[in-house]
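> quick one: sequence plus predicted model below, questions after.
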Amino acid sequence: MVGGLVLSQAQSHQVATPRTAVPAPPQALEKRPRDQAQPCGTAAAAAAVSVRSVDEARRAHARHIKLGLDRSPPHARPLLAACALSGWPGGMELAASIFESLDDPEAFDYNTLMRGHVGGGRGDREPAAALRLYVDMLEADVEPDNFTFPFVLKACAQLAALQEGRQLQAHVVKLGFQHDEHVQNSLVSFYGKCGEPAMARLAFDRMEAEVRTTTSWSALLAAYTKAGLWGECLHSFGAMLREGWRPDESSMVSALSACAHLGAYDVGRSVHCALLRNTASLNTIMQTSLVDMYAKCGCVEKAAAVFDAMDDRNAWTYSAMVSGLALHGDGREALEVFDTMIREGHAPDAAVYVGVLNACSRAGLLEDGLRCFDRMRLEHKVAPNAQHYGCMVDLMARAGRLDDARALIGSMPTGPTDTTWRSLLNACRIHGDMDLAERALQELRRLGAANAGDYVIVADMHGRAKNFAAAAAFRTEAVDGSLAQSPGFSAVEVHGEVHRFVSQDMSHPRTRDIYEMLHQMEWQLRFDGYKPDTSEVALDVGEEEKRRVLAAHSQKLAMAFSLLSTPEGTPVRVVTNLRMSKECHAYSALISEIFGRDIFVRDRNRLHRFRRGACTCGGYW
């Protein structure tokens with residue numbers, strides 16, 4: 001016996017399946033050869049053909065009992081597999097009954113039942129039962145084999161049972177399976193799904209080179225994707241290609257997701273080209289990933305082209321297209337796509353409605369947004385969640401109806417959330433309502449959800465009103481509360497590599513060239529009458545110092561580097577975690593006109609496209 005697992009934690013965990021625009025990569029298990037992936041081989045296949053429902057399985061089981069074959073694993077095994085792996089309602093219950101009647105079940109039989117308990121998409125899936133079976137297996141002195149661990153590790157991943165998974169890793173080593181590719185791939189996948197990318201990387205690095213497969217890389221990329229480590233995901237994808245591996249579908253989905261978040265258009269386009277060269281036809285998952293990537297990289301036209309060419313669209317596809325149009329502020333087009341979705345018979349869900357309401361908010365479509373909110377609740381019976389209320393508060397507040405937005409927050413069935421108060425706080429900054437902004441911050445404090453950015457908004461509002469003492473007090477309160485603020489940055493992709501800048505950045509290898517380019521850009525702008533707008537610099541310093549701070553803003557550094565490093569006429573694509581300031585907006589518009597470049601800037605709220613001195617947002621952002 002190898003020792004027991006602590007199951008109390010595993011049984012208390014709930015299976016978490018958060019919705020994302022791109023589905024998670026398949027498990028390594030599904031990539032095994034057919035004879036290995038199906039524990040019962042041809043006999044199980046024959047049983048699955050001859051027994052086609054749970055009622056037929058019950059009758060077959062009754063015949064086994066009459067003939068005295070129900071206790072013999074070789075005879076009961078095909079029926080056990082048919083019930084456990086079929087997905088029939090009630091199938092797992094009957095499979096468990098068949099298993100309990102066996103005299104001396106072998107690892108084969110334990111594995112079959114475990115696989116049934118962790119099978120995807122089953123209403124009666126019970127991963128905790130798979131872990132209990134593993135403990136029973138050890139107590140019965142049945143030694144696990146290399147097919148056992150992928151199932152129990154998958155159960156741990158579904159339960160987010162990190163402690164139990166680590167114990168299983170120790171069992172893997174004790175039993176000598178540390179060189180088995182399927183077991184090791186399952187370990188990488190397990191740590192990734194538990195939100196432990198560093199442990200997934202460690203498990204990957206410990207694999208011998210001859211043991212690694214495309215599935216190993218896929219599991220690693222999925223781990224980085226789940227953790228939001230987009231740069232590491234793209235770096236590993238590049239390493240995979242350099243080592244001569246041909247990426248599979250799930251690897252490309254992860255890479256496209258990373259490109260979408262980083263705005264790495266060139267890499268994303270290269271992945272698309274590779275797909276077209278190596279795949280006869282793209283499936284719905286890949287096409288949806290492409291729609292999402294192109295929209296988030298600023299190419300909504302290409303996203304629409306992929307979307308229009310699709311033969312088989314689903315709710316995920318429509319959600320990606322609606323959200324992409326919302327990001328670009330094209331609310332009318334987003335509503336048209338949504339109406340098409342309804343006409344084609346796709347039932348809208350909560351995720352699609354987040355995109356629809358965001359589209360209305362970013363385009364200032366107040367009446368349309370109110371109509372969609374009612375339609376969501378009354379016609380499609382989708383209960384509004386915090387995201388929906390946050391969209392509605394943002395829509396109403398940005399349109400100047402701050403009191404109505406405040407009333408909506410008070411009417412929420414579940415009570416106000418930090419999302420809604422933060423939406424109101426951001427709108428107060430736009431409209432300059434200091435009293436309501438301080439009230440929103442107070443409510444965020446009460447909820448224990450206030451972050452450094454919330455304090456900075458109120459402090460900046462006081463700073464612009466020349467109340468420097470109050471501004472300093474709010475900033476001091478944030479520091480005293482140990483509220484760390486994420487540094488503002490802007491990133492730009494050049495030749496397939498993402499370069500990140502912060503304000504006043506001097507760390508880039510081409511710093512001297514970048515600042516020289518900045519000087520040339522501002523010198524040319526001044527001929528067009530450009531004067532830096534220092535009104536949003538909430539610092540108690542002189543005008544010259546304010547202009548110096550503005551001159552080396554992270555967004556301007558990123559644009560300068562891109563202009564310096566790319567051919568004339570090439571679009572400039574910047575991704576920033578900041579909200580676009582009025583100064584940067586005016587600056588970017590002039591640069592697009594003087595340099596003859598299209599400039600795409602994806603800020604915290606939406607995507608701005610500057611062309612010939614004008615922006616697609618129309619001044620509403």
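Here it is on my side, so go on.
> okay, now the unreliable bits of this structure?
For the chain, residues meeting the criterion pLDDT under 70 lie at 1-49, 120-124, 484-485, 535-543, 546.
> quick one, strands of it?
Under the criterion DSSP state E, strands of the chain are mapped to 490-494, 497-501, 572-576, 599-602, 607-611, 614-615.
> now render these as a markdown table, adding mean neighbour count and distance to Cys297.
C-beta coordinates here come from the backbone N, C-alpha and C atoms, glycine included. Below are the strands of the chain laid out as a markdown table (neighbours: other C-beta atoms under 10 Å; distance: least, C-beta to C-beta, whole Å):
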| stretch | mean neighbour count | distance to Cys297 |
| --- | --- | --- |
| strand 490-494 | 24 | 9 |
| strand 497-501 | 20 | 12 |
| strand 572-576 | 26 | 7 |
| strand 599-602 | 25 | 8 |
| strand 607-611 | 22 | 9 |
| strand 614-615 | 17 | 17 |
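> make a markdown table from those strands and add distance to Leu69 to it.
Output for the strands of the chain, formatted as a markdown table (distance: least, C-beta to C-beta, whole Å):
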| stretch | distance to Leu69 |
| --- | --- |
| strand 490-494 | 64 |
| strand 497-501 | 63 |
| strand 572-576 | 64 |
| strand 599-602 | 65 |
| strand 607-611 | 66 |
| strand 614-615 | 76 |
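> nearest to Ser101, out of these?
With C-beta to C-beta as the criterion, Ser101 lies closest to strand 497-501 of these, at 59.0 Å.
> helices or strands up against the closest one?
Using 3 or more C-beta pairs under 8 Å, 6 or more residues apart in numbering; DSSP states H and E, the elements in contact with strand 497-501 are strand 490-494, helix 554-565.
> adding distance to Gln163 as columns, could you present those in a markdown table?
A markdown table is the format used below for the helices and strands packed on strand 497-501 (distance: least, C-beta to C-beta, whole Å):
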| stretch | distance to Gln163 |
| --- | --- |
| strand 490-494 | 37 |
| helix 554-565 | 41 |
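> for Pro487, what are its contacts?
Counting by C-beta atoms under 8 Å, 6 or more residues apart in numbering, Pro487 touches Val502.
> what's across from Glu493 in the sheet?
Going by DSSP bridges, Glu493 is paired in beta bridges with Val498.
> hang on, it packs against Ala258?
No. Assessed by C-beta atoms under 8 Å, Glu493 is found out of contact with Ala258, at 11.5 Å.
> now for those two: what residues contact both?
Shared contacts of Glu493 and Ala258, counting by C-beta under 8 Å, 6+ apart, come down to Ala264.
> just the helices in the stretch 451-600 of the chain please.
In the stretch 451-600 of the chain, the segments counted as helices under DSSP state H, counting those that start in this stretch are 452-464, 468-480, 511-527, 543-551, 554-565, 582-594.
> mind checking which of the ones you listed is nearest Arg166?
Among these, the nearest to Arg166 by C-beta to C-beta is helix 452-464 (34.1 Å).
> elements contacting that closest one?
Short answer (3+ C-beta pairs under 8 Å, 6+ apart): helix 452-464 packs on helix 418-431, helix 434-446, helix 468-480.
> what comes up buried for that helix?
Buried residues in helix 452-464, counting neighbours by 16 or more other C-beta atoms under 10 Å, are found at 452-464.
> cool, and stretch 150-159?
Using 16+ other C-beta under 10 Å as the test for burial, stretch 150-159 gives 150-159.
> out of those, list just those in helices.
The members of the buried residues of stretch 150-159 that map onto helices under DSSP state H are 150-159.
> would you reformat those as JSON lines and include distance to Asn185?
Formatted as JSON lines, those follow (distance: C-beta to C-beta, whole Å):
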{"residue": "Pro150", "distance to Asn185": "8"}
{"residue": "Phe151", "distance to Asn185": "13"}
{"residue": "Val152", "distance to Asn185": "14"}
{"residue": "Leu153", "distance to Asn185": "10"}
{"residue": "Lys154", "distance to Asn185": "11"}
{"residue": "Ala155", "distance to Asn185": "16"}
{"residue": "Cys156", "distance to Asn185": "14"}
{"residue": "Ala157", "distance to Asn185": "12"}
{"residue": "Gln158", "distance to Asn185": "16"}
{"residue": "Leu159", "distance to Asn185": "19"}
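> which one of those residues is nearest Met396?
Gln158 (39.9 Å).
> correct me if wrong: that closest one contacts Gly119.
No. Gln158 lies out of contact with Gly119 (C-beta under 8 Å); the separation is 10.5 Å.
> follow-up on the earlier one: relative to Arg510, which of the ones in helices among the buried residues of stretch 150-159 is nearest.
Distance to Arg510 across those (C-beta to C-beta) is lowest for Ala157, with 43.3 Å.
> any idea how far the nearest residue to the closest one once chain neighbours are set aside lies from Met199?
Leaving out its chain neighbours, the residue that sits closest to Ala157 by C-beta to C-beta, 6 or more residues apart in numbering is Lys193, at 3.9 Å. Computed as C-beta to C-beta, to the nearest Å, the Lys193 to Met199 distance reads 11 Å.
> got the contact list for Ala551?
518, 522, 532.
> could you redo the last one with a cut-off of 7 Å?
If you count contacts by C-beta atoms under 7 Å, 6 or more residues apart in numbering, Ala551 has them with 518, 522.
> what does the one 5 residues further on give?
Taking C-beta under 7 Å, 6+ apart, we find Lys556 in contact with 518, 587.
> next, count neighbours for Gly345.
Neighbour count of Gly345, defined by other C-beta atoms under 10 Å: 6.
> need phi/psi at it.
When quoted as degrees, to the nearest 10, the phi and psi of Gly345 stand at phi 90, psi 10.
> can you tell me how far it sits from Lys381?
For Gly345 relative to Lys381 (C-beta to C-beta), the value is 16 Å.
> again, but for Tyr318
Relative to Lys381, Tyr318 is positioned 18 Å away (C-beta to C-beta).
> that older thread, return the most buried member of the helices of the stretch 451-600 of the chain.
helix 554-565 (a mean of 24; mean count of other C-beta atoms under 10 Å).
> okay, angle between that helix and helix 543-551 too, please.
Compare the direction of helix 554-565 with that of helix 543-551 by axes from the mean of the first three to the mean of the last three C-alpha atoms, to 10 degrees and you get 60 degrees.
> helix 554-565 versus helix 511-527: what angle between them?
Going by the same axes, to 10 degrees, helix 554-565 makes 100 degrees with helix 511-527.
> got the angle for helix 554-565 vs strand 490-494?
Interaxial angle, helix 554-565 versus strand 490-494 (the same axes, to 10 degrees): 10 degrees.
> quick check: Val300 touching Val322?
No. In this structure, Val300 is not within contact of Val322 by C-beta atoms under 7 Å, at 11.6 Å.
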